[in-house]
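# sequence-free structure coming up:
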């Protein structure tokens, strides 16, 4: 599989490049960076700190290299993701997108793109986070109507969107397990006199330092509580998952795929 990585100098793009370079089933053909960066034209292996040259360039124009790839992996920015999506549709290339923070209208464009290309969207590519989602669904179906459900998520100081895409997905999974929509029952933080409403799901977002990612869901009862938590120690687990997602698209036709398909959950 021939792969293009968007944003190879970024936090996720760099790690995805490093993981992909070590895989026997992937060939990196290019990295695409924002115009004006001083590393445009250099070898992708150098730019992403792989430790050696891999014979693929870093360019600032996706259109100039897109026909050389099978799949694009994009974990860059919300603003850039729309342009990458449009290019993938024009050239009929598979796309793995892990960028978050999209509006409903923007996300709908990814769903529509799946009619023309293999499209895999994953707010979180960690294997264990997605196993946690399966556990949350089971627990909520069993005790969700009785419990006070609260979500606490932590990320680094640079994360722009809140709540995180992962915690939104968790809320949606639990809401659907109770036959509800998260938009109808979500409460974002509390201030002043703010008693808890039965049947709601509370969100709390912490941003500090370089915390990689942490998500905890609390099911509160009188006299006891259940906590289900996932901590990532670094971002490598997400990079490995992103490459697994790209590999999954190798023999797929147009369609909207998720990490659940990759992990057979």
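Nice, I can see it. As the structure is a computational prediction, the values presented were derived from the model and not from experiment. Numbers count the residues shown, from 1 in each chain.

# can you give me the buried ones in stretch 226-233?
230, 232 (16 or more other CB atoms under 10 Å). For glycine as for every other residue, the C-beta is placed from the backbone atoms N, C-alpha and C.

# who's in contact with the residue positioned nearest the centre of the chain?
In the chain, the centroid-proximal residue (CA atoms, centre = their mean) is residue 123; its distance is 2.7 Å. Residues in contact with residue 123 (CB atoms under 8 Å, 6 or more residues apart in numbering) are 98, 100, 164-166, 168-169.

# max pairwise distance over the residues you listed: which two?
For those, the maximum inter-member distance is 13.8 Å, found between 98 and 168 (CB to CB).

# look up how far residue 198 lies from the residue of the chain most remote from its centre.
Most distant residue from the mean C-alpha position of the chain: residue 223, 35.8 Å away (CA atoms, centre = their mean). Residue 223 sits 17 Å away from residue 198 when distances are taken as CB to CB, to the nearest Å.

# can you tell me which of the contacts of residue 123 is nearest residue 27?
Distances from residue 27 to these, taken by CB to CB, are shortest for residue 98, at 20.5 Å.

# tell me the contacts of that closest one?
Counting by CB under 8 Å, 6+ apart, residue 98 makes contact with 12, 73-75, 121-125, 238, 242.

# go again using 6 Å as the cut-off
With contacts defined as CB atoms under 6 Å, 6 or more residues apart in numbering, residue 98 is in contact with 75, 122, 125, 242.

# what is the neighbour count of the spatially closest residue to it that is not a sequence neighbour?
Nearest in space to residue 98, with sequence neighbours left out and distances taken as CB to CB, 6 or more residues apart in numbering, is residue 75 at 4.3 Å. Under the neighbour criterion other CB atoms under 10 Å, residue 75 is assigned a count of 25.

# I'd assumed residue 14 was in contact with residue 75.
No: contact between residue 75 and residue 14 fails when scored by CB atoms under 6 Å: they sit 10.1 Å apart.

# joint contacts of the two?
Common neighbours of residue 75 and residue 14 (CB under 6 Å, 6+ apart) do not exist.

# strands along this protein, start to end?
Assigned by DSSP state E, the strands in the chain fall at 2-6, 27-32, 58-59, 71-74, 94-97, 118-121, 148-155, 186-188, 201-207, 213-221, 224-232, 255-257.

# nearest to residue 51 among the ones you listed would be which one?
Short answer: strand 27-32, nearest of the strands of the chain by CB to CB, at 13.6 Å.

# for the closest one, packing partners?
If contacts are counted by 3 or more CB pairs under 6 Å, 6 or more residues apart in numbering; DSSP states H and E, strand 27-32 sits against strand 2-6, strand 58-59.

# could you report the separation of residue 33 from residue 80?
Using CB to CB, residue 33 is found at 10 Å from residue 80.

# looking at the two, which is more packed in?
Set residue 33 next to residue 80 and count neighbours by other CB under 10 Å: residue 33 wins out with 24 against 16.

# report the beta-bridge partners for the residue nearest to that one when sequence neighbours are not counted.
Of all residues not flanking residue 33 in the chain, residue 58 sits nearest, at 5.4 Å (CB to CB, 6+ apart). Here residue 58 sits in beta bridges with residue 31, going by DSSP bridges.
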